[in-house]
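**Student:** Can you look at this prediction? I've put the sequence above it.
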Amino acid sequence: MDVDGGRRIFNRLRPSSSTDHRNNNTRQQKVCFHWEKGNCSRNPCPFLHPTAANGKRGHQGFGAEDIYRGGSGGLRRTGNYNFNSNSSWGRPQPAIGSRNFVRKVEKKICNYWVQGSCRYGDTCKFLHQWSTDSFTLLTTLEGHKQAVTGITLPSGSDKLYSGSEDETVRVWDCQSGQLSGVVNLGCSVGCMLSEGPWVFVGLTNLVKAWNVQTSMELSLSGPVGQVYSIIVGNDLLFAGNKDGTILAWKFNAATNCFEPAASLKGHTLAVVTLVVGGNRMYSGSMDHTIRVWSLETLQCVQTLTGHNHVVTSVLCWDQFLLSASLDNTAKVWATTESGNLEVTYTHTEEQGLITLCGMHDSESKPVLFCSCNDNSVRVYDLPSFSERGMIFSKEEVRSIQIGPGGLFFTGDGSGQVRVWKWSSESTTTS
């Protein structure tokens, strides 16, 4: 994906130079007396506060079965997801010894870990993969050679699909966590979406459609250049393209194929993100704008110009629209009395934002994930935007996907797919 003369849209900012690790064990190896009484007020406290351990995990099952049924309101990603899952997607973290303690951790990523050479492991005082006790890493799926640009779980399947710029789609078995197949496509995967039994893959000049129940495979022609975003709304499949157009197809059950339905024009540069909310579709583009489309007339009813860089992600939350941009901001839009959307709140990060994902935590509270260009994913409570925690990756996280039973998945620029789970079972919404 190119911006301004060939620069990549997702420029990764390397972590700052690391700090010496030799003094990471200088704190007292003793439980805090005041913490045990429930009244420790020191921050940071030089003594230990017991908590659950975060152990390393290898490949294991992360099974599936009808936990999610869909719903109205709440957070909506770029698609309508139906999950089939019954098992726990990984066993609980094992206890280490009779007691487990939280370490005092500097809020800075470990540069040695990024390089793959940190010798302190779980005792390192700098951040490795995450810095929150709200969720844990279940397993890492290795295999992609380049950035993961799409993750999806089709309805009625026990497989997880991941697409990458390495020109492959990998299929993972949810019960064993092992690779069960590789599809070589011959061109970079720009995005993925599942709708019912269908898996859609955005490629160059093409959208591939697979029915995982019937094994039918279709090729939808018409796009010009890379397809960066796909969404389904009002029984139409939409694809955002490099040339700025949004193409639409309608499935014909009689002929068992997708027929061209419309071409939506207005953006002057690539359409990189799409989302449907109510009877509207929202498109974010490299031209710095968001266009609002009526799903009934397929006409643009408003153009939003609040960002001054590429709009990388759009997300619907109840009656609000959230947008993210490489201008370092996430904006909350609300409908005014006139019926138009206007910015009601702007959240600023130190780096450009790559993607947004909304879900509910273990207490069914709405949470926003913001992937940033510094290889971090910031976690915020909504609507307060209070910081909840962070996830760090070795490269920028391009794709975040909701799963069943409190699961979610991240795919980063190094090709890793990680499976995460909230600390107790949660409810996700589309």
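**Tutor:** Looks like it arrived, so ask away. Numbering: from 1, shown residues only.
**Student:** residue ranges of the strands in the stretch 51-200 of the chain, please?
**Tutor:** Per DSSP state E, counting those that start in this stretch, the stretch 51-200 of the chain carries strands over the ranges 75-76, 101-102, 135-141, 148-152, 159-164, 168-173, 179-184, 191-195, 198-211.
**Student:** what's across from the residue lying closest to Gly233 once chain neighbours are set aside in the sheet?
**Tutor:** Nearest residue to Gly233 in three dimensions, chain neighbours excluded: Val276, at 3.6 Å (CB to CB, 6 or more residues apart in numbering). The way it works is simple: take the backbone N, C-alpha and C, and place the C-beta from them, glycine included. Taking DSSP bridges as the rule, Val276 bridges to Met281.
**Student:** number of nearby residues for Val276?
**Tutor:** 23 (other CB atoms under 10 Å).
**Student:** Does it touch Val292 like I think?
**Tutor:** No - in this structure Val276 lies outside contact range of Val292 using CB atoms under 8 Å: 11.3 Å.
**Student:** any residues in contact with both of those two?
**Tutor:** The contact sets of Val276 and Val292 overlap at Tyr282 (CB atoms under 8 Å, 6 or more residues apart in numbering).
**Student:** what residue ranges in the chain are flagged as low confidence?
**Tutor:** Applying pLDDT under 70 to the chain flags residues 1-44, 46-107, 128-133, 424-430.
**Student:** returning to that earlier point: looking at the strands of the stretch 51-200 of the chain, which is closest to Val314?
**Tutor:** For the strands of the stretch 51-200 of the chain, the distance to Val314 is smallest for strand 75-76, at 9.9 Å, taking CB to CB.
**Student:** Phi and psi next, for Val271.
**Tutor:** phi -90, psi 120 (degrees, to the nearest 10).
**Student:** What's opposite it in the beta bridge?
**Tutor:** Following DSSP bridges, Val271 is listed with bridge partners Ser285.
**Student:** and it, what does it touch?
**Tutor:** By CB under 8 Å, 6+ apart, Val271 lies in contact with Tyr228, Ser229, Gly240, Asn241, Gly244, Thr245, Ile246, Ser283, Gly284, Ser285.
**Student:** What does the second one show for phi and psi?
**Tutor:** Dihedral angles phi and psi of Ser229 (degrees, to the nearest 10) take the values phi -150, psi 140.
**Student:** Look up which residues are beta-bridged to it.
**Tutor:** Taking DSSP bridges as the rule, Ser229 bridges to Gly240.
**Student:** mind checking how far it is from Asn211?
**Tutor:** Relative to Asn211, Ser229 is positioned 21 Å away (CB to CB, to the nearest Å).
**Student:** Which of the two has more residues huddled nearby?
**Tutor:** Taking other CB under 10 Å, Ser229 and Asn211 do not tie; Ser229 has more neighbours (26 against 15).
**Student:** Next, the contact list for that one, please.
**Tutor:** Residues in contact with Ser229, defined by CB under 8 Å, 6+ apart, are Thr78, Gly190, Cys191, Gly202, Ala239, Gly240, Val271, Val272, Thr273, Leu274, Ser283.
**Student:** Of these - the most surrounded one?
**Tutor:** In terms of neighbour count, Gly240 stands highest of the contacts of Ser229 at 30 neighbours, by other CB under 10 Å.
**Student:** give the contact list for that one.
**Tutor:** Gly240 sits in contact with Val227, Tyr228, Ser229, Ile230, Ile246, Ala270, Val271, Val272, Thr273, Leu274, Ser283, Ser285, where contact means CB under 8 Å, 6+ apart.
**Student:** Show me which pair in those is furthest apart.
**Tutor:** Greatest spacing in those, by CB to CB: Ile230 and Ser285 (15.1 Å).
**Student:** Just give me the neighbour total for the nearest residue to Asn308 once chain neighbours are set aside.
**Tutor:** In this structure, Asn308 finds its nearest non-sequential neighbour in Asp327, 4.9 Å apart by CB to CB, 6+ apart. Number of residues near Asp327 (other CB under 10 Å) recorded here: 20.
**Student:** coming back round to it: let me have the strands of the stretch 51-200 of the chain in TSV, extended by distance to Val343.
**Tutor:** Shown next, in TSV, are these (distance: least, CB to CB, whole Å):
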stretch	distance to Val343
strand 75-76	19
strand 101-102	39
strand 135-141	30
strand 148-152	28
strand 159-164	33
strand 168-173	37
strand 179-184	41
strand 191-195	26
strand 198-211	29
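**Student:** just so I know, which of those lies nearest Ser384?
**Tutor:** strand 75-76 (15.0 Å).
**Student:** So in terms of bridging, what pairs with Leu179?
**Tutor:** Here Leu179, judged by DSSP bridges, has bridge partners Trp172.
**Student:** and if you look at the one 5 residues further on?
**Tutor:** Going by DSSP bridges, Asn184 is paired in beta bridges with Thr168.
**Student:** my guess is it meets Glu167, correct?
**Tutor:** Yes - the criterion here is CB under 8 Å, and Asn184 meets it with Glu167 at 6.6 Å.
**Student:** So between these two, which is more surrounded?
**Tutor:** Looking at Asn184 and Glu167 with other CB under 10 Å, you find the greater number of neighbours at Glu167, namely 17 against 8.
**Student:** The more buried one and Leu138, how far apart?
**Tutor:** 27 Å.
**Student:** Repeat that for Gly190.
**Tutor:** Per CB to CB, Gly190 is found 27 Å from Leu138.
**Student:** cool, and Pro366?
**Tutor:** Distance of Pro366 to Leu138, given as CB to CB: 23 Å.
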